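>>> fold the stuff below for me.
(2 chains)
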Amino acid sequence: MSSTAGRLVTSRSELDLDHPNLEDYLPSGSSINEPRGKLSLRDLLDISPTLTEAAGAIVDDSFTRCFKSNPPEPWNWNIYLFPLWCFGVVVRYCLLFPLRVVTLAFGWIIFLSLFIPVNALLKGQDRLRKKIERVLVEMICSFFVASWTGVVKYHGPRPSIRPKQVYVANHTSMIDFIVLEQMTAFAVIMQKHPGWVGLLQSTILESVGCIWFNRSEAKDREIVARKLRDHVQGTDNNPLLIFPEGTCVNNNYTVMFKKGAFELDCTVCPIAIKYNKIFVDAFWNSRKQSFTMHLLQLMTSWAVVCEVWYLEPQTLRPGETGIEFAERVRDMISLRAGLKKVPWDGYLKYSRPSSKHSERKQQSFAESILARLEEK
Amino acid sequence: MGNTSSMLTQYDIEEVQSHCHELFEQQEILSLYQRFCQLDRNAKGFISADEFLSVPEFAMNPLSQRLLKMVDGLNFKDFVAFLSAFSAKASLRQKVQLIFKVYDSDCNGKVSFKDIMEVLRDLSGSFMSDEQREEVLRQVLKESGYTSDSFLTVEDFVKIFGSCKPEMDVEIPVD
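Alright, predicted model coming up:
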């Protein structure tokens, strides 16, 4: 989840810790690494493996594929279908869109006229106030979903309020949060946004107990980890929802899960979300459009169809590290939602890979050269 | 070709094909164009260094800075010409020529001892000392009949690589 990408910066701390063994996933057709007898001039000058890897990355790479919007195939290409499509456009923009805007406005009016008084008047009675606010937030989210004619199918047991549990889901757009929130009021951890979204975040979402983080701040990580731990210990807090990918991915792939959510010493309940691209692609490509434009695009399409699976809660197995746990849960979610896994850290959208990776390549090259030098 | 259009005409494709010595087929050129437009985020007609480095696999490559000097700011035609050395149809000479160009960073047609040392430094980083690199290079040069004062030309490179084509093929995904 982000607004525009800022300046790119090489971040050392976060990226180093979150994904080990990248090389296990990447093709390393490096023939120079296999010692093949005495070193000749040709062997030394032959940089073709490294060049091939670089050219391969230029031509196609699995990271960029995760953030590519896949537009639906245009079907309006012949003389019979084209008028039908035009008619559809007219219906969507001139009939459905105004209706939806009205519905949404109506929902906001009801929501605000109930939320503001409840928030002000019931300041003393926290339990009752929170309960009502929860219901109201669920209601406004239902209005949002209705405003895109959302067809959501939920599978699995509905989340309940219990301490020491955290929910994790794959991330495609900010609407993931709305789709899940209409069923259960979650507390979510989000990137603080500017604009009207930020305003909503600081007022309404504050009441369900949201936690903010700032991706660009280095120290932020520890503060956030502490806030997370405090939240899951509390018995009366809304269940916490975390998107461990840390960024929106195009719903065909999953990027690496950050281990933060898996080291809170509580049960992790995975949620898999899969959008059906039949009418619209729900992926929010934050590089290409603002959230407002994205919402408008959804509101002028026929429907947003998606499925949500609440999967079996998982706990850390004995001897399992946080990263292994995260990968195991990612396997479950990817399998359920039919997504392919890639070994990249989602934050590479905003910063460069650390030099650790190129250093590893340099090390293996140096070692093989020196080893071959020994052979006479 | 139009910097803003995202459709290539048949003329465009044929022009690009002839520029890259017919090493790519039409489908491959179309795929490369899609990729070019994907990397060139604001449709300027070329890919900037920053945009190349946003591909993590490329940024992690030890030779990325050298290659960046060669590909930064290329328009689509030259981009395809650069990649044509990686086509399976490229000849030994064409592949070796690219390798030569990577070494010959000052483009004076000669690769010196210093030039090779610099590439070796990129490839081995801090895991080999300068003395070790020099020793290795001197030794292999001597064995092939060169000295540390020799200047290697493209012809020398072709001779060194002999009849064995370097494995330098990249498949263009065509969907």
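
>>> next to chain B, which bits of the stretch 1-150 of chain A? Give me the list.
Within the stretch 1-150 of chain A, the positions lying close to chain B (CB under 8 Å from any CB of the partner chain) are A:8, A:26, A:29, A:31, A:39-64, A:68. Yep, even glycine has a C-beta here, placed from its N, CA and C like the rest.

>>> got the phi/psi numbers for the most centrally placed residue in chain A?
Here the mean C-alpha position of chain A is nearest to the C-alpha of residue A:171 (CA atoms, centre = their mean), at a distance of 2.8 Å. Reported as degrees, to the nearest 10, the phi and psi values for residue A:171 are phi -120, psi 130.

>>> isn't residue A:173 up against residue A:282?
Yes. Taking contact to mean CB atoms under 8 Å, the distance of 5.4 Å between residue A:173 and residue A:282 places them in contact.

>>> quick check: mean pLDDT across the helix or strand residue A:176 falls within?
With elements delineated by DSSP states H and E, residue A:176 resides in helix A:175-181, which encompasses its position. In this model, helix A:175-181 carries a mean pLDDT of 90.

>>> which strands and helices sit next to it?
Contacts of helix A:175-181 with other secondary structure elements, assessed using 3 or more CB pairs under 8 Å, 6 or more residues apart in numbering or on different chains; DSSP states H and E, are made with helix A:126-147, strand A:187-191, strand A:267-276, strand A:304-310.

>>> save these as CSV, and put in mean pLDDT, distance to residue B:15 and mean neighbour count too.
Compiled in CSV, those are given as follows (pLDDT from 0 to 100; distance: least, CB to CB, whole Å; neighbours: other CB atoms under 10 Å in any protein chain shown):
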stretch, mean pLDDT, distance to residue B:15, mean neighbour count
helix A:126-147, 87, 48, 18
strand A:187-191, 83, 45, 21
strand A:267-276, 93, 40, 22
strand A:304-310, 93, 43, 20
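
>>> and stretch B:94-102, does that touch chain A?
Yes. Stretch B:94-102 reaches chain A (CB under 8 Å from any CB) through B:95, B:98, B:99, B:102.

>>> can you select the buried ones from the residues you listed in PyMOL?
Paste this into PyMOL to select the buried members of the residues of stretch B:94-102 next to chain A, with burial taken from 16 or more other CB atoms under 10 Å in any protein chain shown:
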select buried, chain B and resi 95+98+99+102
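
>>> in JSON lines: the residues of stretch B:94-102 next to chain A, plus pLDDT and distance to residue A:237.
Formatted as JSON lines, the residues of stretch B:94-102 next to chain A follow (pLDDT from 0 to 100; distance: CB to CB, whole Å):
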{"residue": "B:95", "pLDDT": "93", "distance to residue A:237": "62"}
{"residue": "B:98", "pLDDT": "93", "distance to residue A:237": "60"}
{"residue": "B:99", "pLDDT": "93", "distance to residue A:237": "61"}
{"residue": "B:102", "pLDDT": "93", "distance to residue A:237": "58"}
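
>>> show me the residues of stretch B:94-102 next to chain A that map onto helices.
Counting by DSSP state H, the part of the residues of stretch B:94-102 next to chain A found in helices is B:95, B:98, B:99, B:102.

>>> spit out the contact partners of the third one.
Neighbouring residues of residue B:99 by CB atoms under 8 Å, 6 or more residues apart in numbering or on different chains: A:45, A:46, A:47, A:48, A:51, B:157, B:166, B:168.

>>> in a helix, that's where the fifth one is, yeah?
Yes. Secondary structure assignment (DSSP: H, G, I helix; E, B strand; the rest coil) places residue A:51 inside a helix.

>>> I'd assumed residue B:64 was in contact with it.
No. Counting by CB under 8 Å, residue B:64 is not a contact partner of residue A:51; they are 10.8 Å apart.

>>> beta partners of residue B:111?
residue B:152 (DSSP bridges).

>>> which bits of the stretch 201-350 of chain A sit near chain B?
Of all the residues in the stretch 201-350 of chain A, those lying near chain B are A:287, A:344, A:348, A:349, going by CB under 8 Å from any CB.

>>> ok, 10 Å please
Taking CB under 10 Å from any CB of the partner chain as the contact definition, the stretch 201-350 of chain A meets chain B at A:287, A:288, A:343, A:344, A:345, A:348, A:349, A:350.

>>> residue B:86: which of the helices and strands packed on helix A:175-181 is closest?
Using CB to CB as the criterion, the shortest distance between residue B:86 and the helices and strands packed on helix A:175-181 is 36.1 Å, found for strand A:267-276.

>>> check which element follows the closest one along the chain.
Next in sequence after strand A:267-276, counting helices and strands by DSSP H and E, comes helix A:291-299.

>>> okay, buried residues for that following helix please.
Within helix A:291-299, the residues scored as buried using 16+ other CB under 10 Å are A:291, A:294, A:295, A:298, A:299.

>>> and the helices in chain B?
Taking DSSP H, the helices of chain B run over residues B:10-19, B:26-39, B:49-53, B:56-59, B:64-71, B:76-83, B:92-103, B:113-124, B:130-143, B:154-161.

>>> helices and strands around the shortest one, which ones?
Helices and strands touching helix B:56-59, by 3 or more CB pairs under 10 Å, 6 or more residues apart in numbering or on different chains; DSSP states H and E, are helix A:48-59, helix A:62-65, strand A:340-345, helix A:356-374, helix B:49-53, helix B:64-71.
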